[in-house]
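Colleague: Structure of the sequence below:
(one chain, ligands or ions: 1)
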Amino acid sequence: MKYIVVTGGVLSGLGKGVAVASIGRILKDRGYKVAPLKIDGYVNVDPGTMNPYEHGEVYVLDDGSETDLDLGHYERFLNENLTGASNITTGSVYKTVIDKERKGEYLGKTVQIIPHITDEIKDRIKRFNSGKTDVDIVLIEVGGTVGDMENRIFIEALRQMKREKGNEMLFIHLSYVPVILSGEQKTKPTQHSVKELLALGIQPDIILGRCEEPLTESTKKKIALFCGLNPYDVLSNADLPDIYLLPIELTKQDLGGIIIKKLGLESRPPYTFKWDHLVEKIMKAKKEVNIGIIGKYTGLEDAYLSIKESLKHAGAANGCIVNNIFIESETASAKDYKNLDGMIVPGGFGGRGVEGKIKAITYARENGLPFLGICLGFQLAVVEYARNVCGLKNANTTETDEKTPYPVIDLIPEQKDVHSKGGTMRLGSFPCKIKKDSIAHKLYESEIVDERHRHRWEVNPDYIQILEKNGLLFSGVYEQRNLMELAEIPSHPYFIATQAHPEFKSRLENPAPLFSGLVKAALKQRRKMASE
Ligand code: GLN
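Modeller: The predicted structure is shown next:
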């Protein structure tokens, strides 16, 4: 087993997750089995209890783990499903060590950061195989920036591991190279962050210079000289029109070849160009559609990262560019929807913005605007239908209004008894049985589908009959528990909502059917509008 560690320098938010995902893709396309692992320095056991404004969306895996959004990049670039073992946090490491201490597993000993915490980190990394046999390379991303107090202990554990593993372990440092007003590329911040890394006992083997433009030869030489590398081990990670171009760009600079050589891996036939072909579909698209995303975390687009990516995949499948129009649900009104060809009401928690979302759904339903409701968006589509079609005045979800006369969305009994917040939602993949002759059946082309979930509230079974009698079709059910999974309006051009989060399984190679359907319907809507 070989190890690649990617650290970040100077600034956060440089796109380290995308760089790691790209490295993974490059190695996978060379025939290596890659297992990606994200390390986060925060004390939360997982990001599940965090507001999306903290670290962007919480990304959910098949096994129900709530993880960092970088795992979404890994899954999408590698086109593989990961498990919760791919995300380590300070909180989860300390929790294991403290639980062991309470059980008496260190009896008689003083439990210390070094060696007990560092040993637990090393053990996890060494045990880690992403559920696969014969992993060739574990690809580790250290979250944050070198020099942060938060990730120091992880870097120490990795330093110790490097002593054991020698040439089997490689350090790649992604650092920022600013371009100042004079047009000059400045290397000093990178020099300083490498010094920081050296002070922690780590010499990087490769540097990726994150810059708005490609690094010049003289920049590369300078970084190499000051940071103890060969100039050809300093690569450009320049701004690109799309993140999916990065594996192609890094391949042009032979990153795969450099890594393979340094790790002493056998040289396998290079890059297959399958990825290029897929990315070309995004880059060559000519048509356009506008999809409105009506949410309450619109100030941070990363809160809807997987939805954005899913729309891009759906666009590629339909040969069009999707313009994402983020609309704040609290302040939205009908005029904001005029230029839309389709609408998404995404997931969310709590009451803020709910009424605005319900109004947006009314607009989509009444105006034949293609609509996709996701999780909370599904629940609110049911609320909207109950209120405005079934005449159940003030119907609501009890998440927003505990005293509603018509609790069409409610907690199921076992959720009512749950008092802890971490990891207690309906989480992960559940099978959904799809009714024949529904929109969902046409889109999924299957009777049983698995999508990932992350929610507490459900459609209240007491109201299914009245909703269906009034024309809402529950086209998908989790049969084992009789929980409603999909709702649609057969008389509408495209109105479908899902209790699940199909955005977590969408890939460039396999666009999520509900998103492809939305974009297809939006294109149709646009043509209709143009001809009117
Ligand atoms: N807040 C809702 C629930 O918990 C919906 C969650 C979501 O949209 N992910 O059921």
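Colleague: Residues in contact with the longest helix seen in the chain: which ones?
Modeller: Assignment by DSSP state H gives helix 513-531 as the longest helix of the chain. Helix 513-531 has contacts (CB atoms under 8 Å, 6 or more residues apart in numbering) with 287-291, 310-311, 313-315, 317-318, 320, 322, 341-342, 344, 368-372, 439-440, 442-445, 493-494, 496, 498, 502-503, 506. (C-beta placed from N, C-alpha, C; glycine too.)
Colleague: among those residues, which are in strands?
Modeller: The strands, defined by DSSP state E, take in 287-291, 320, 322, 342, 344, 371-372, 496, 498 from the contacts of helix 513-531.
Colleague: ok, of these, which come out buried?
Modeller: Buried members of the ones in strands among the contacts of helix 513-531, counted by 16 or more other CB atoms under 10 Å: Val289, Asn290, Ile291, Cys320, Val322, Gly342, Ile344, Phe371, Leu372, Ile496, Thr498.
Colleague: my guess is the first one meets Asp341, correct?
Modeller: Yes - taking CB atoms under 8 Å as the contact criterion, Val289 and Asp341 are neighbours in contact, 4.4 Å apart.
Colleague: what number of residues lie near Val146?
Modeller: Taking other CB atoms under 10 Å as the neighbour definition, Val146 ends up with a count of 26.
Colleague: can you check Asp134 too?
Modeller: By the measure other CB under 10 Å, the count of residues near Asp134 is 7.
Colleague: Could you pick out the residues of the stretch 301-450 of the chain near the ligand for me?
Modeller: Residues of the stretch 301-450 of the chain lying close to the ligand (CB under 6 Å from any ligand atom) are Gly347, Gly348, Phe349, Cys375, Leu376, Glu399.
Colleague: Checking the third one next. Helix, strand or coil?
Modeller: Which is Phe349. Secondary structure for Phe349, judged by DSSP: H, G, I helix; E, B strand; the rest coil, is coil.
Colleague: per-residue pLDDT, it?
Modeller: For Phe349, the model assigns a pLDDT of 92.
Colleague: pretty sure it is touching Thr397, no?
Modeller: No - using CB under 8 Å, Phe349 makes no contact with Thr397, being 11.1 Å away.
Colleague: Show me which of the ones in strands among the contacts of helix 513-531 is closest to Glu75.
Modeller: Ranked by distance to Glu75 (CB to CB), those are led by Thr498 at 18.9 Å.
Colleague: And that closest one, how far from Phe515?
Modeller: Noted for Thr498: a distance of 11 Å to Phe515, by CB to CB, to the nearest Å.
Colleague: Now do the shared contacts for these two.
Modeller: Both Thr498 and Phe515 are in contact with Leu372, where contact means CB under 8 Å, 6+ apart.
Colleague: Nearest to the ligand within the stretch 251-400 of the chain, name that residue for me.
Modeller: Residue nearest to the ligand within the stretch 251-400 of the chain: Gly347 (2.7 Å; CB to the nearest ligand atom).
Colleague: Once you drop chain neighbours, what's closest to that residue?
Modeller: Distances taken as CB to CB, 6 or more residues apart in numbering put Cys375 closest to Gly347, at 3.6 Å, once the chain neighbours are dropped.
Colleague: Surely Gly350 is in contact with Glu399?
Modeller: Yes - at 7.3 Å, Gly350 counts as touching Glu399 under the criterion of CB under 8 Å.
Colleague: Count the neighbours of the closest residue to Gly299 other than its chain neighbours for me.
Modeller: Excluding its sequence neighbours, the residue lying closest to Gly299 (CB to CB, 6+ apart) is Tyr53, at 7.3 Å. A count of nearby residues for Tyr53, using other CB under 10 Å, gives 11.
Colleague: before we move on, what about the one 3 residues further on?
Modeller: For Gly56, the count of nearby residues is 22 (other CB under 10 Å).
Colleague: Quick one: residues contacting the residue lying closest to Cys320 once chain neighbours are set aside.
Modeller: Once flanking residues are discounted, Cys320 sits nearest to Lys287: 3.9 Å by CB to CB, 6+ apart. Counting by CB under 8 Å, 6+ apart, Lys287 touches Asn318, Gly319, Cys320, Ile321, Leu523, Arg526.
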